[in-house]
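In: starting from these lines, generate the structure:
(one chain, ligands or ions: 1)
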Amino acid sequence: MNFGGLEPQYESLDNAAFVVVPVPYDLTSTYQSGARRGPAAILEASGNMELYDEELGKETFRAGIHTAAFLEAKACGPEAMVRAVRERIHNIVALNKIPVMLGGEHSLSPGAVEAVRERYPDLTVLHFDAHADLRDTYQGSPYSHACAGRRMAELCPLVQVGIRSLSFEEAGFLKQASVKTFFAHNMFKNTDWLKRIGECLRGDLYISIDLDVLDPAYMPATGTPEPDGLSWRQLLDIIQSVTARCHVRGFDVVELAPIPGLVAPDFLAAKLIYRIMGYLTP
Ligand SMILES: [Mn+2]
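Out: This is a model prediction of the structure:
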């Protein structure tokens, strides 16, 4: 099972612009678990997509999309898992290919960011999420999904978009931290919101997408859904505008917790990934 259900010549590692890394891990989930089933659901849905992108007018797969082996869960805890992600992503970046991590839970993303930043030291992270994820520790662990934003912010400048859930302490942290947060309730009050997000971003970029940034009407299949999220089109508009002005060195799509019998969210995730790949290829 590879991303897109591609023929071997478009799937080989040597010729691939993108390397998809499925990481079926959700051991720190606190509300609804199930993100461990996300990567397989995305890959299966991707095999049923049209490979001609009707919006971009091209067949993105011709740039080459390799799907790596599943990175299986480590029983020795989330820190070892983050390290395993870092190693795997490091090897992909070293080949000058764009890593695309499929979560799994968000606690994995700092490992990918760390690996990409080693190669691109001026990296900025664009973080889409309903949740700020800025806790220093959660349930005794600094590697919880609830701390993913904080860990990424320790590595490089962080720009958060779509946020609509955080604790009092996280709100306090934002007042003094070098994190730029676009709250969902504020984002669309001004017509220049797209421009304002773009102004925070330049150069090398990593994009981390927690799918719960989307409104649950579009994306019900997440462990911690929140109302008042972005639409499919709003999310794409932001990503398209930043990919036009930044060098995207890697991205992840995390926290899909598939709902049995409801494939629309799986399909959305697959098409989102393919569309982003399309933005990143000439
Ligand atoms: Mn979230």
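
In: when you work out contacts or count neighbours from here on, use the C-alpha atoms and nothing else.
Out: Will do.

In: M1 and I42 touch, don't they?
Out: No: at 10.4 Å, M1 does not count as touching I42 under the criterion of C-alpha atoms under 8 Å.

In: more neighbours: which of these two?
Out: Set side by side, M1 and I42 show more neighbours around I42, with 28 against 12, by other C-alpha atoms under 10 Å.

In: who's in contact with the helix or strand containing that one?
Out: Assigned by DSSP states H and E, I42 belongs to helix 38-46. Outside helix 38-46, the residues that touch it by C-alpha atoms under 8 Å, 6 or more residues apart in numbering are 1-5, 22-24, 102-104, 254-258, 263, 266-267, 269-271.

In: identify the residues contacting the residue in the chain that the ion sits nearest to.
Out: Nearest to the ion in the chain, going by C-alpha to the ion, is H131, at a distance of 4.4 Å. H131 is in contact with I163, R164, S165, L166, V213, counting by C-alpha under 8 Å, 6+ apart.

In: can I get those residues in a markdown table including pLDDT and secondary structure?
Out: Shown next, in a markdown table, are those (pLDDT from 0 to 100; DSSP: H, G, I helix; E, B strand; the rest coil):
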| residue | pLDDT | secondary structure |
| --- | --- | --- |
| I163 | 98 | strand |
| R164 | 98 | coil |
| S165 | 98 | strand |
| L166 | 97 | coil |
| V213 | 98 | helix |
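
In: possible to save these as TSV with distance to V113 and neighbour count?
Out: TSV is the format used below for the contacts of H131 (distance: C-alpha to C-alpha, whole Å; neighbours: other C-alpha atoms under 10 Å):
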residue	distance to V113	neighbour count
I163	20	26
R164	23	19
S165	23	16
L166	22	15
V213	19	28
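
In: residues of the chain that sit close to the ion?
Out: Where the chain comes near the ion, counting by C-alpha under 5 Å from the ion, the residues are D129, A130, H131.

In: possible to save these as TSV with secondary structure and pLDDT?
Out: TSV is the format used below for these (DSSP: H, G, I helix; E, B strand; the rest coil; pLDDT from 0 to 100):
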residue	secondary structure	pLDDT
D129	coil	98
A130	coil	98
H131	strand	98
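
In: which pair in the contacts of H131 spans the largest distance?
Out: Pairwise distances across the contacts of H131 (C-alpha to C-alpha) peak at 13.3 Å, for the pair L166 and V213.

In: CA atoms only: put the helix or strand where R86 lies into PDB for me.
Out: Here R86, judged by DSSP H and E, is contained in helix 78-94. Coordinates of each C-alpha in helix 78-94 appear next as PDB, following Å, rounded to 0.1, in the frame of the first residue of the first chain:
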ATOM      1  CA  PRO A  78       7.000   8.800  23.700                       C
ATOM      2  CA  GLU A  79      10.600  10.100  24.000                       C
ATOM      3  CA  ALA A  80      12.000   7.100  22.100                       C
ATOM      4  CA  MET A  81       9.300   7.600  19.500                       C
ATOM      5  CA  VAL A  82      10.200  11.200  19.000                       C
ATOM      6  CA  ARG A  83      13.800  10.200  18.600                       C
ATOM      7  CA  ALA A  84      12.900   7.400  16.100                       C
ATOM      8  CA  VAL A  85      10.900  10.000  14.000                       C
ATOM      9  CA  ARG A  86      13.900  12.400  14.100                       C
ATOM     10  CA  GLU A  87      16.300   9.700  12.800                       C
ATOM     11  CA  ARG A  88      13.900   8.600  10.000                       C
ATOM     12  CA  ILE A  89      13.300  12.200   8.900                       C
ATOM     13  CA  HIS A  90      17.000  13.100   9.100                       C
ATOM     14  CA  ASN A  91      17.800  10.400   6.600                       C
ATOM     15  CA  ILE A  92      15.100  11.700   4.200                       C
ATOM     16  CA  VAL A  93      16.300  15.300   4.400                       C
ATOM     17  CA  ALA A  94      19.900  14.100   3.900                       C
END
